[in-house]
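Enquirer: give me a 3D structure for the following:
(chains A and B)
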Amino acid sequence: MDFIIDVLTLLHDRADFFLNLVFQHLQISLIAILIATILGLLLGIWISEHQKSSNLVIGIVNFIYTIPSISLLGFLIPFSGIGNTTVIIALVVYALLPMVRNTHTGITNINPAIIEAAKGMGSTKMQILWKIKLPLALPTIMSGFRNMVVMTIALTGIASFIGAGGLGVAIYRGITTNNAVMTFAGSLLIALLAFFMDFIFGRLEKALTARRPNAKRKVFVEIASAAIVVLLVFAMLFSNLFGKTDKVIHLATKPMTEQMIIGEALKMIIEQESDLTVEITEGVGGGTSNIQPAMEKGEFDIYPEYTGTGWNAVLKEKSIYHESMFKELQDKYKEAYDFSWVSGYGFNNTYGIAVAKDIAQAYNIKTYSDLAKYTPQLTFGAEYDFYEREDGYEALQSAYAFNFKETVDLDIGLKYQSIQQGDVDVIVVFTTDGQLNDDRIVVLEDDKNFFPSYMAYNVVRNETLTKYPELKEILDQLENKISDSTMARLNYEVEVNKKEPKQVAKEFLDELGLLKE
Amino acid sequence: MNTIIEFKHARKSYGDHVVIPDLNLKIEKGEFVTLIGSSGSGKTTILKMINGLIPLDAGNVYVEGKDIASEDLICLRRNIGYAIQGSGLFPHMDVEDNIAYVPNLLNKKDKQRTRKAVEKWIQVVGLERDLLDRYPDELSGGQQQRVGIARALAASPEILLMDEPFGAVDDITRHMLQDEIKRIHEQTGVTIVFVTHDIREALKLGTKVIVLEHGEIAQYDTPEAIQQAPANDYVKQLISDK
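Expert: Numbers count the residues shown, from 1 in each chain, chains lettered A, B, ... in the order given. This is a model prediction of the structure:
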């Protein structure tokens, strides 16, 4: 019950935010629905007239339909980039199957005698199509269409994964910042939207196929059709979906709470200090692997990145990164991409080892080397990919001669709960995790510098830095202003205290005295 | 006499199977010609050759003196009435729209004229006007057949092709429909080509009867002549089934 009240309160308090998302959601899904309807009908009609091709075409759309949406998006990103275009293409591709199949089934199931009668009475092919085939196939086509509408509206929820808008933003933000209320609110609105649209189209279908339509129904058809057309025109006209305006900085963030906070802070301070507008593409799914190609194409100008990630994931270097290598990193980025690492924030988001405080005190454990002595009595927990990484569990174990009693695979979201409940004694953490802001947990010192360094910087296109020379100075205002524990505290504000990233960013800038009123 | 339909050395085969080997046939204007034969004898094929639904392999078909191979088939078909078994009514249109189908194809603009034609033909086939806003599945089998005939005649064609139109109705209804089509023929003077597998129907309705055997004409004559002097054993056999 409390949960539902929380959801309703959130929807009420942030009505503008959600309304905006609903509108974006409708925009994206309606455009996809419109394109898929036209394409699907045409393709369905075409294969009904050319039966030989029907198996092949239906086979292809069937196959595409079975591709998981995440991998289809991943596949499309190199071609159409991050954002709405890719989402709309993906949605259309999925929506084709129900449209094509139902149009084809509807048309081919018509009694051939009826079509021959129409032909024998002198109808042209087009007349047979418009006067006979389509009206008779309409109920089947409509059921496919309504299916497709519900599916598309639901699937539009993945749009935010690759930086497009819509209610998926709320879901995805909720997941990233550990805010179940936000996730549920977004999902609920998607469900309501799908339900509402299905209801409208259901009524429309009834009115369209009614025998002896009465005046009331005719009026309904007219109103509903007009409303849909207006909505579409509105969506098209007011969409800056595909357009790019000048003096805009395109900023991307990875799906991590701290990136969202930094993104909001950057937007605030850049817009305050210059006449630039910052457009944030929040929490791009896949993080670096999808942001980097978009940076290369110039779709994004700037994003917060970690040195170690740049070294290993972008430059594909095999060695372990330490800050002594920063110049090499900077040079290689300039050479390969013409990007710069600027204005480091001062915090290092790397792996760390945390121990329950009572255990740390009981055995007086302060460093990893201290911990090594007691490992045979302790249980170790980490998310499963830590066990898979080359610089993960096995390397750590041999570097410090760890020999844990037991190791456990933990879901990343349940790690802290497990150590608080005493299910595990030692966990692997990230040094800026919000939940580290908890006096029951102690982070140990990596006394042999085992873990690579992941200092946070801005990666910026040099082209952007040249075009807007004022930018560098603005970014410098945040240089070395955020320590590990500050970042952890800000994350805590969002993840545990459920504040909005924007609010937290504002309060932080205020603390630093960087905000002018 | 005035020839309205003529076949010259018409030939049709499906793969290796020759349905019509070599057909020569003249049909005079105003006749009611019934085509009778066992199934597979090619009667429906001949009918559909007249409105170009089945193209010929060789030979020619002339309608009103013109070779249909060089005619616009769409235009040709609009001027030939066509009624098929099970009525072939369009289930999504009411009776009025069904009857008005061809007039609407011909003159889209002139609603008045179409409306008049519909009212005329619904009466000619003996149906009440208040059926006009019914849908086909709300009609009896006999009513459906009548609407089918009205639809075929609505554009006042010179020729009416009927493919076993009364095959799917009960005996009593069939007798009534037979009397009706005979009256309509006399009333309008339209040339009718009527396919049936029922010899009694063929003899009752036709002013001329064509008996088909394996795609060839066994006998083409008045019903009286066929009954008095059957041309061969097949015809004799056929009329003895009566």
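Enquirer: kindly list the main-chain dihedrals of whichever residue of the stretch 401-517 of chain A sits closest to chain B?
Expert: In the stretch 401-517 of chain A, the residue found nearest to chain B is A:Glu500; the distance is 54.7 Å by Cβ to the nearest Cβ. Using the backbone N, CA and C atoms, a C-beta is placed for each residue, glycine as well. Torsion angles at A:Glu500 (phi, psi; degrees, to the nearest 10) stand at phi -70, psi 140.
Enquirer: wait, isn't it in contact with A:Glu493?
Expert: No. Look at A:Glu500 against A:Glu493 with Cβ atoms under 8 Å: they stay out of range, at 9.4 Å.
Enquirer: quick one: contacts for A:Glu406?
Expert: Shown in contact with A:Glu406 (Cβ atoms under 8 Å, 6 or more residues apart in numbering or on different chains): A:379-380.
Enquirer: just for chain A, where's the confidence low?
Expert: Residues of chain A meeting the criterion pLDDT under 70: A:213-217, A:234-246, A:517.
Enquirer: what residues does it put near chain B?
Expert: Within chain A, the positions adjacent to chain B are A:113-114, A:116-124, A:127, A:131-132, A:135-136, A:211-212 by Cβ under 8 Å from any Cβ of the partner chain.
Enquirer: next step: the residues you listed restricted to helices.
Expert: A:113-114, A:116-120, A:127, A:135-136 (DSSP state H).
Enquirer: show me which pair in those is furthest apart.
Expert: A:Gly120 and A:Pro135 (18.6 Å; Cβ to Cβ).
Enquirer: neighbour-wise, which of these two wins?
Expert: Ranked by neighbour count (other Cβ atoms under 10 Å in any protein chain shown), A:Gly120 and A:Pro135 place A:Gly120 first, with 23 against 17.
Enquirer: now that one. Nearest residue, chain neighbours left out?
Expert: B:Tyr82 (3.9 Å; Cβ to Cβ, 6 or more residues apart in numbering or on different chains).
Enquirer: distance of the one you found from A:Lys133?
Expert: 18 Å (Cβ to Cβ, to the nearest Å).
Enquirer: cool, and A:Leu471?
Expert: 60 Å.
Enquirer: would you map the strands across the stretch 151-300 of chain A?
Expert: Assigned by DSSP state E, counting those that start in this stretch, the stretch 151-300 of chain A shows strands spanning A:248-252, A:277-281.
Enquirer: sorry, wrong one. I was asking about chain B.
Expert: Assigned by DSSP state E, chain B shows strands spanning B:3-14, B:17-28, B:32-36, B:58-63, B:66-67, B:80-84, B:159-163, B:191-196, B:208-213, B:216-221.
Enquirer: let me have the ones you listed in JSON lines, adding mean pLDDT and mean neighbour count as columns.
Expert: Shown next, in JSON lines, are those (pLDDT from 0 to 100; neighbours: other Cβ atoms under 10 Å in any protein chain shown):
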{"stretch": "strand B:3-14", "mean pLDDT": "93", "mean neighbour count": "18"}
{"stretch": "strand B:17-28", "mean pLDDT": "93", "mean neighbour count": "16"}
{"stretch": "strand B:32-36", "mean pLDDT": "95", "mean neighbour count": "25"}
{"stretch": "strand B:58-63", "mean pLDDT": "94", "mean neighbour count": "18"}
{"stretch": "strand B:66-67", "mean pLDDT": "92", "mean neighbour count": "12"}
{"stretch": "strand B:80-84", "mean pLDDT": "92", "mean neighbour count": "26"}
{"stretch": "strand B:159-163", "mean pLDDT": "94", "mean neighbour count": "24"}
{"stretch": "strand B:191-196", "mean pLDDT": "95", "mean neighbour count": "25"}
{"stretch": "strand B:208-213", "mean pLDDT": "94", "mean neighbour count": "22"}
{"stretch": "strand B:216-221", "mean pLDDT": "93", "mean neighbour count": "18"}
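Enquirer: now render those strands as CSV, adding distance to A:Glu296.
Expert: Conversion of these to CSV gives the following (distance: least, Cβ to Cβ, whole Å):
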stretch, distance to A:Glu296
strand B:3-14, 63
strand B:17-28, 67
strand B:32-36, 76
strand B:58-63, 68
strand B:66-67, 69
strand B:80-84, 66
strand B:159-163, 69
strand B:191-196, 73
strand B:208-213, 77
strand B:216-221, 79
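Enquirer: off-centre distance for the longest helix along chain A?
Expert: Longest helix in chain A by number of residues (criterion: DSSP H): helix A:15-49. Relative to the chain's own centre, helix A:15-49 is displaced by 20 Å; criterion: Cα atoms, centre = their mean, to the nearest Å.
Enquirer: after that helix, next one along is what?
Expert: helix A:51-66 (DSSP states H and E).
Enquirer: any idea of the angle that next one forms with helix A:15-49?
Expert: When axes from the mean of the first three to the mean of the last three Cα atoms, to 10 degrees is applied, the directions of helix A:51-66 and helix A:15-49 differ by 150 degrees.
Enquirer: now the following helix or strand past helix A:51-66: buried residues?
Expert: Per DSSP H and E, the first helix or strand lying C-terminal to helix A:51-66 is helix A:69-80. The neighbour-count check on helix A:69-80 (16 or more other Cβ atoms under 10 Å in any protein chain shown) flags A:69, A:72-74, A:76-77, A:80 as buried.
Enquirer: need the residues you listed in JSON lines with distance to B:Pro91, can you?
Expert: Shown next, in JSON lines, are the buried residues of helix A:69-80 (distance: Cβ to Cβ, whole Å):
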{"residue": "A:Ser69", "distance to B:Pro91": "39"}
{"residue": "A:Leu72", "distance to B:Pro91": "40"}
{"residue": "A:Leu73", "distance to B:Pro91": "44"}
{"residue": "A:Gly74", "distance to B:Pro91": "47"}
{"residue": "A:Leu76", "distance to B:Pro91": "43"}
{"residue": "A:Ile77", "distance to B:Pro91": "48"}
{"residue": "A:Ser80", "distance to B:Pro91": "44"}
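Enquirer: where do the helices sit along chain B?
Expert: With DSSP H as the criterion, chain B has helices spanning B:43-50, B:73-78, B:95-99, B:101-106, B:111-124, B:141-153, B:171-188, B:199-205, B:223-228, B:233-240.
Enquirer: could you export these as JSON lines, including mean neighbour count?
Expert: What follows is those, written out as JSON lines (neighbours: other Cβ atoms under 10 Å in any protein chain shown):
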{"stretch": "helix B:43-50", "mean neighbour count": "22"}
{"stretch": "helix B:73-78", "mean neighbour count": "18"}
{"stretch": "helix B:95-99", "mean neighbour count": "24"}
{"stretch": "helix B:101-106", "mean neighbour count": "22"}
{"stretch": "helix B:111-124", "mean neighbour count": "16"}
{"stretch": "helix B:141-153", "mean neighbour count": "25"}
{"stretch": "helix B:171-188", "mean neighbour count": "16"}
{"stretch": "helix B:199-205", "mean neighbour count": "20"}
{"stretch": "helix B:223-228", "mean neighbour count": "15"}
{"stretch": "helix B:233-240", "mean neighbour count": "15"}
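Enquirer: nearest to A:Asp16, of the ones you listed?
Expert: helix B:95-99 (51.3 Å).
Enquirer: that closest one and chain A in contact?
Expert: No. Using Cβ under 8 Å from any Cβ, helix B:95-99 stays clear of chain A, coming no nearer than 9.4 Å.
Enquirer: what's in contact with that helix?
Expert: Contacts to helix B:95-99, defined as Cβ under 8 Å, 6+ apart, come from residues B:89-90, B:104, B:117-118, B:121-122, B:127, B:131-136, B:139, B:147, B:150-151, B:154.
Enquirer: redo that, cut-off 6 Å
Expert: B:89-90, B:118, B:121, B:131-132, B:134, B:147, B:150-151, B:154 (Cβ atoms under 6 Å, 6 or more residues apart in numbering or on different chains).
Enquirer: give me the buried subset of the residues of chain A next to chain B.
Expert: Applying 16+ other Cβ under 10 Å to the residues of chain A next to chain B flags A:114, A:116-123, A:127, A:131-132, A:135-136 as buried.
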